[in-house]
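K.L.:
Sharing a model prediction with you, sequence too.
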Amino acid sequence: MKAPKQSRLESFLHEPSKALWTLAIPVMAGMGIQTLYSIVDMIFIGRLGGDSIAAVAFNMPLFFLVLGLTMGLGSGVSATIARYIGAKDKVNADNSAEHAILIGLFISTILTTLGFLYGQTMLQNLGATDAIVHLSWSYLKIICMGLPFMVFSAFFRSILAGEGDMKFPMMVAGLGTVLNIIFDPIFIFVLDYGVAGAAIATILSQGIVFIIFVYMLFFKDHAYVTFRLRDFTFSRKILGEIIKIGLPASMSMVIMAMGQAVFNRILIHYNAESVAAYQVAGRLDMLVFLPIMAIAHGLTTLVGMFFGAQEVDKLKAIIRYGVTRAVLVTIGSSTLVYIFAPFFIRSFTPDPAIQTIAIQYLRIMAFAYPFIAIGMTSGRIMQGLGKGIPMLIITTIRVLLVSSLLSLYFTFILDKPVQFVWYSMVISTFIAASISLTWLRTVLRKTVQPLPEK
C-alpha cells in the first residue's frame with residue numbers, strides 16, 4: 001500500500017517568510033502567463049478594430065460574474081482545507097475537496113444554462129449597442145460551451161492552493177495559456193472567425209487544462225488530499241464553512257462585475273473609444289495586480305494553516321511581512337506603469353483616441369495601486385481567519401457606494417470629462433484601504449489571542 005503524502009505544514013512553520021514566496025512565486029508565474037495571454041489576446045482582437053474590443057469589453061462583467069463565483073467559493077475551499085491541514089485533520093481536508101467538486105458541478109450547470117438562455121439579452125442590458133451586440137454574442141455563446149472546463153479547473157486550483165501546492169497549477173495554467181496564444185491567430189485570422197475565434201481558442205485550451213487536472217488528481221494521485229467520490233459523505237458543517245468564507249468573496253466579485261457594467265454604461269455615454277480604452281488599460285492593470293494577488297493567495301493558505309495550528313506569533317509575523325511586501329512591490333510597479341504607459345498602450349491599438357484615454361487612465365490609477373495592495377491582502381488575510389464578510393462589505397463600499405456613485409455624479413450631474421471617472425476610482429481605493437486595515441486590526445485583536453503559558 002502506497003504511503004500517504006505528507007502535508008507542507010511543518011516546512012512552512014519552519015520558515016514562514018520563505019514559505020510565502022514559495023507559495024507566491026508560482027502563483028505569480030501562473031498568473032503572469034495568463035496575463036500574457038490576456039495581453040496577446042487583446043493585441044489580436046485590437047487588430048480587428050475598436051468595435052471588436054468593445055464587444056469583448058461588454059462580456060467582461062459576465063466573465064467577472066463567473067470568475068467571482070469560482071474564485072470566491074474557491075478561496076473558501078482553500079481556506080477550509082488549509083485550516084484542516086493545519087489542525088492535522090486529513091479526513092475533513094479530503095471531504096472539503098470533495099465538496100468543492102460538488103459545488104463546481106452545481107455552478108457550471110446553472111451558469112451554462114443561464115448563459116445560453118439569457119446571454120444576448122444580458123449583453124443588451126449591459127449597454128452593448130446594436131452595432132456591437134452581435135459581436136459580443138458571437139463571443140459569449142461559444143464561451144458558454146466551455147464554462148464547465150473553466151469552473152472545474154478553478155476549483156482544482158483552489159484545492160491544491162489549500163494544501164500549499166502552487167507549482168503544479170502554475171505549470172498547467174502555463175500550458176493552457178501557451179495553447180491559447182497558439183490557437184488565437186489560427187481561429188481569429190487564418191480561419192477568419194474574428195471575435196468568435198478568440199472564444200474558440202479559449203475553450204479549446206481550457207478543455208485541455210481540465211483533462212490534465214482530472215488525470216493528475218483522480219488517476220495519478222498527485223495531491224495530498226484524496227478524492228473518494230464513491231464514498232462521499234455530505235457534511236453541512238464543511239459546506240457551511242466553505243460558503244461562510246467563500247460566498248462573501250463571490251459576492252464581492254459579483255459586485256465588481258456590477259461595477260464594471262456600470263462603468264461601461266457610463267463610458268459609452270462619452271464614446272465607444274472610452275469603453276475600448278478601459279478594456280485595453282485593464283489588461284495592464286492585471287500586470288500590476290500580479291504580485292499583489294500572488295502574495296494575497298499565499299497569505300490565505302499560510303494564515304489558514306497557522307491559525308489552524310494555533311501558531312499565533314508566526315501568524316502575526318507573516319501578516320506584517322505579507323502586507324508590507326505587497327505595498328513595496330506595488331509602489332515599484334506603479335512607477336513603471338506611470339513612466340512607460342504610452343509605450344505599453346501603443347502596443348495594443350493603433351487608434352490615437354483610444355491611446356490617449358488609456359494612457360490617461362493608467363497614469364491616474366498608478367496612484368491607486370498601493371491602496372489596492374492593502375485592501376486585497378487584508379481581505380485575503382481575514383478569509384484565512386475564517387472571516388468572509390469584511391471583504392464583501394468593503395468591496396460594496398468601494399465599488400457601489402463610492403466609485404460608481406462618484407462617477408455617475410461627475411458624469412451626469414457635473415458634466416465632467418472622462419478622467420473624473422478615473423479620479424473616482426482612486427478616491428474609492430483610498431477609502432477601502434483605510435477601512436480594510438482598521439477592520440483587520442479589529443479581527444486580529446478579537447480572534448487571535450496568545451496561547452496561555454504552560
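P.N.:
Noted; the coordinates are in hand.
K.L.:
next one: stretch 278-298 to chain centre, how far?
P.N.:
The chain centre lies 9 Å from the centre of stretch 278-298; the measure is Cα atoms, centre = their mean, to the nearest Å.
K.L.:
Would you map the helices across the stretch 201-350 of the chain?
P.N.:
Remark: helices assigned in the stretch 201-350 of the chain by DSSP state H, counting those that start in this stretch are 236-270, 272-308, 312-346.
K.L.:
Deepest-packed of those helices, please.
P.N.:
Compared across these, helix 272-308 shows the largest average neighbour count, a mean of 25 (mean count of other Cβ atoms under 10 Å). Just so you know, the C-beta spots here come from the backbone N, C-alpha and C atoms, and that holds for glycine as well.
K.L.:
what is the mean pLDDT for it?
P.N.:
Confidence over helix 272-308 (mean pLDDT, whole number) is 85.
K.L.:
What distance do you get for A196 to L140?
P.N.:
Using Cβ to Cβ, to the nearest Å, one gets 10 Å for the distance from A196 to L140.
K.L.:
Likewise for M171?
P.N.:
Distance of M171 to L140, computed by Cβ to Cβ: 29 Å.
K.L.:
The two - which one has more neighbours?
P.N.:
Counted by other Cβ atoms under 10 Å, M171 and L140 do not tie: L140 has more neighbours, with 24 against 15.
K.L.:
tell me the contacts of the more buried one?
P.N.:
Shown in contact with L140 (Cβ atoms under 8 Å, 6 or more residues apart in numbering): 59, 62, 115, 119-120, 123, 199.
K.L.:
now swap in F430 and tell me
P.N.:
Counting by Cβ under 8 Å, 6+ apart, F430 has contacts 368, 371.
K.L.:
Where does it sit, in terms of helix or strand?
P.N.:
Following DSSP states H and E, one finds F430 within helix 419-447.
K.L.:
Report the angle between that helix and helix 312-346.
P.N.:
Following axes from the mean of the first three to the mean of the last three Cα atoms, to 10 degrees, one obtains 170 degrees for the angle between helix 419-447 and helix 312-346.
K.L.:
Just the buried positions in helix 419-447, please.
P.N.:
420-426, 428-433, 435-436, 439-440, 443-444 (16 or more other Cβ atoms under 10 Å).
K.L.:
I figured I212 was touching M171, is that so?
P.N.:
No - using Cβ atoms under 8 Å, I212 is not in contact with M171, being 9.2 Å away.
K.L.:
what secondary structure does K416 sit in?
P.N.:
coil (DSSP: H, G, I helix; E, B strand; the rest coil).
K.L.:
Distance of it relative to Y270?
P.N.:
To Y270, K416 is 11 Å away according to Cβ to Cβ.
K.L.:
What of I45?
P.N.:
21 Å.
K.L.:
ok, now L362?
P.N.:
Distance from L362 to Y270, by Cβ to Cβ: 17 Å.
K.L.:
Let me see the contact set for the nearest residue to G115 once chain neighbours are set aside.
P.N.:
Nearest residue to G115 in three dimensions, chain neighbours excluded: C144, at 3.7 Å (Cβ to Cβ, 6 or more residues apart in numbering). Residues in contact with C144 (Cβ under 8 Å, 6+ apart) are 111-112, 115-116, 119.
K.L.:
Repeat that for I212.
P.N.:
Counting by Cβ under 8 Å, 6+ apart, I212 touches 172, 175.
K.L.:
So which of the contacts of C144 belong to helices?
P.N.:
Among these, DSSP state H puts 111-112, 115-116, 119 in helices.
K.L.:
Would you mind checking those residues for buried ones?
P.N.:
The neighbour-count test (16+ other Cβ under 10 Å) marks 111-112, 115, 119 as buried among those.
K.L.:
quick one: S78 and L302, what's the gap?
P.N.:
Here S78 is placed at a distance of 11 Å from L302 (Cβ to Cβ).
K.L.:
ok, back up a step: between the ones in helices among the contacts of C144, which is closest to G246?
P.N.:
Taking Cβ to Cβ as the measure, G246 sits nearest to L111 out of these, at 15.8 Å.
K.L.:
okay, that closest one: pLDDT?
P.N.:
Confidence score, pLDDT, at L111: 91.
K.L.:
repeat for the one 3 residues further on
P.N.:
In this prediction, L114 carries a pLDDT score of 93.
K.L.:
what sits against L67?
P.N.:
154, 253.
K.L.:
Just the buried positions in the helix or strand it falls within, please.
P.N.:
Using DSSP H and E, the element containing L67 is helix 60-86. Neighbour-count burial for helix 60-86 flags 60-62, 64-86 (criterion: 16+ other Cβ under 10 Å).
K.L.:
how about the contacts of L140, which pair is most distant?
P.N.:
Between all members of the contacts of L140, the farthest pair (by Cβ to Cβ) comes out as Q120 and A199, at 14.3 Å.
K.L.:
Secondary structure class of K88, three-state.
P.N.:
Three-state call for K88 (three-state DSSP): coil.
K.L.:
Got phi/psi on it?
P.N.:
K88 adopts backbone torsions of phi 60, psi 40, taken as degrees, to the nearest 10.
K.L.:
how far away is it from D221?
P.N.:
Distance of K88 to D221, given as Cβ to Cβ: 20 Å.
K.L.:
Comparing the two, which residue is more hemmed in?
P.N.:
Per other Cβ under 10 Å, whichever of K88 and D221 has more neighbours is D221, with 14 against 11.
K.L.:
which residues of the stretch 1-150 of the chain fall in helices?
P.N.:
Read by DSSP H, counting those that start in this stretch, the stretch 1-150 of the chain holds these helices, from start to end of the chain: 9-14, 16-46, 50-57, 60-86, 90-125, 130-145, 147-162.
K.L.:
any chance of those helices in TSV, plus distance to S252?
P.N.:
Shown next, in TSV, are the helices of the stretch 1-150 of the chain (distance: least, Cβ to Cβ, whole Å):
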stretch	distance to S252
helix 9-14	27
helix 16-46	18
helix 50-57	21
helix 60-86	7
helix 90-125	16
helix 130-145	22
helix 147-162	16
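K.L.:
So V402 is in contact with V426, correct?
P.N.:
No - the criterion here is Cβ under 8 Å, and V402 misses it with V426 at 10.4 Å.
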